[in-house]
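*Asks:* Take this sequence and fold it.
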Amino acid sequence: MFGFEALDLARFQFAFTVIFHIVFPAFSIGLASYLAVLNGLHLITGREAYMRVFNYWKTIFAVGFGMGVVSGIVMSYQFGTNWAVFSDKTGPVLGPMLGYEVLSAFFLEAGFLGVMLFGRERVGPKLHFLATAMVALGTFFSAFWILSVNSWMQTPAGYTLNEAGQFVPENWLEVIFNPSFPYRLVHMLLASYLTTALVVGAVGAWHVLRDRSNDSARLMLSMSVWMLLFTAPLQILAGDAHGLNTLEHQPAKVAAMEGHYEGHPEGGAPLILFGIPDDEAETVHYAVEIPYLSSLILTHDLTSPLKGLKDFPKEDRPPAEIVFWSFRVMVALGFAMLFLGLWGTWARMRGRLYDSPLLHKAQILMGPAGFVSVVAGWITTEVGRQPFTVYGLLRTAESASPIDTPAVASSLIAFVVVYFAVFGAGTFYMLRLMGKAPECASDDDIEGPLVGLAPTTPVTGHVPAGE
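*Replies:* Modelled structure (predicted):
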């Protein structure tokens, strides 16, 4: 089909479906935790503003959660059709962990989701909060097991190979808590919280621009700024630690991310800010560099040696032309999130958080940035692992099913059509829900000063408790 082989189409199909899938769990993980925080704050303070925001987002969460579950089912389908050899070789290791995800995550989520959505009047506030917390815990367990599976593929540990060439668990603790797992888990959880904070802030800013007195929208805006302020710096630190771990276990990936074709055995590697990587010519054209900075960032030492792509056989190198740019998109958006959090905090200190249209428009513009960053990070991780499915041990070309090109092409076309129709409609519905103004305080609300309406003091920047 158009010069593509079955392997090419199988890889594209998996990439297409994963990109659609990954944005929904990233949003669900963060939003479930946000709903638990809102429910807990309402239980502690008794302020109805928190419950109004909770009710606004719980329906959006339900739609996004449903689309995440449906899009995830397709992944197991592809393991059986397009990647049967991979499933056979890694099944003894990955199969049980995927089963543990169902047992720990889906059972919690499915068991308590209905109570969270519809049971508040039936079970009471305390049990309703417990149900919300259990749903959030379920999303955490889902991330835990999926990231453990993916991390094992990146840094395999705790296994032996049997006579059939299958990976067999030898030490489950080493399998689950493989060398890169803690870094990936923290990195993904923080990315999910940032993604949710940006969406919540964008929706709050959208409605504040239209009605500055809407206390629910102001609460969304305020909580989003707090989350960005604390989480964005943590994500940058977590990314740095993750980079050091990747340099230790996957140096070829780091070389592709940095655009280093030449090695630097004596240190002093420059940071290539921009340029055009060329894998064929093994160089970065029009490179804009900062001397020594790459060595300082990657090793925290100007003299530590760094390998380049030329230090690895050509058949073992990831495509730098893709990884170089996806990495820069992720990093640039991460610093943009930090800047947005600092900007919002500065506006809060000046008493202008709800009276700064330029800030609100920037928040709306940054609304999708978390999703873009998550996808860019996934591309960096997965394309950077190539040409292996299990890093250094099982090649992608050796993992595919013996299937004809037309069969893969037909399923790919079907996926593209169905995904754009179903998930396009679901996303459109979620945007419509977000476009509806959240409920405001009524004259009967006697719970005390509402968070969204409480003024800040221009001189001190003081914010009442809860904001």
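
*Asks:* would you put the C-alpha positions of stretch 35-47 in CSV?
*Replies:* Extracted in CSV, the C-alpha atoms of stretch 35-47 (Å, rounded to 0.1, in the frame of the first residue of the first chain):
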residue,chain,number,x,y,z
LEU,A,35,-12.5,15.9,42.0
ALA,A,36,-11.3,14.2,45.2
VAL,A,37,-9.7,17.4,46.4
LEU,A,38,-12.9,19.4,45.7
ASN,A,39,-15.0,16.8,47.5
GLY,A,40,-12.6,16.8,50.5
LEU,A,41,-12.5,20.6,50.7
HIS,A,42,-16.3,20.7,50.7
LEU,A,43,-16.4,18.1,53.4
ILE,A,44,-13.9,20.1,55.5
THR,A,45,-15.2,23.7,54.9
GLY,A,46,-18.8,23.2,54.1
ARG,A,47,-18.5,25.7,51.3
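
*Asks:* burial measure for Y391, as a count.
*Replies:* 20 (other CB atoms under 10 Å). For every residue, glycine as well, the C-beta is placed using N, CA and C.

*Asks:* before we move on, what about the one 4 residues further on?
*Replies:* Applying the criterion other CB under 10 Å, we find 15 residues in the vicinity of R395.

*Asks:* What does the pLDDT read for it?
*Replies:* Each residue has a pLDDT score; the one for R395 is 93.

*Asks:* which residues pair with it across the strands?
*Replies:* Assessed by DSSP bridges, R395 has beta-bridge partners F388.

*Asks:* Might you report the residue contacts of it?
*Replies:* Counting by CB atoms under 8 Å, 6 or more residues apart in numbering, R395 makes contact with P387, F388, T389.

*Asks:* Repeat the analysis, applying 10 Å as the threshold.
*Replies:* E315, D316, Q386, P387, F388, T389 (CB atoms under 10 Å, 6 or more residues apart in numbering).

*Asks:* so the last one touches S399, yeah?
*Replies:* Yes - counting by CB atoms under 10 Å, a contact exists between T389 and S399, whose distance comes to 4.5 Å.

*Asks:* intersection of neighbour lists for the two?
*Replies:* With CB under 10 Å, 6+ apart as the test, T389 and S399 both reach W83, V85, F86, K89, T90.

*Asks:* Then the fourth one would be within a helix, right?
*Replies:* Yes - counting by DSSP: H, G, I helix; E, B strand; the rest coil, K89 is located in a helix.

*Asks:* what about this protein, any weak spots by pLDDT?
*Replies:* 1-3, 441-467 (pLDDT under 70).

*Asks:* Grab the nearest non-local neighbour of the residue nearest in space to the middle of it.
*Replies:* The centroid of the chain falls nearest to V374 when counting by CA atoms, centre = their mean (4.1 Å). Leaving aside its chain neighbours, V374 sits nearest to A26 (4.8 Å; criterion: CB to CB, 6 or more residues apart in numbering).

*Asks:* For the residue lying closest to G308 once chain neighbours are set aside, list the residues it contacts.
*Replies:* Nearest residue to G308 in three dimensions, chain neighbours excluded: G263, at 3.8 Å (CB to CB, 6+ apart). Contact analysis of G263 by CB under 10 Å, 6+ apart lists P251, A255, A269, P305, L306, K307, G308, L309, K310, D311, F312.
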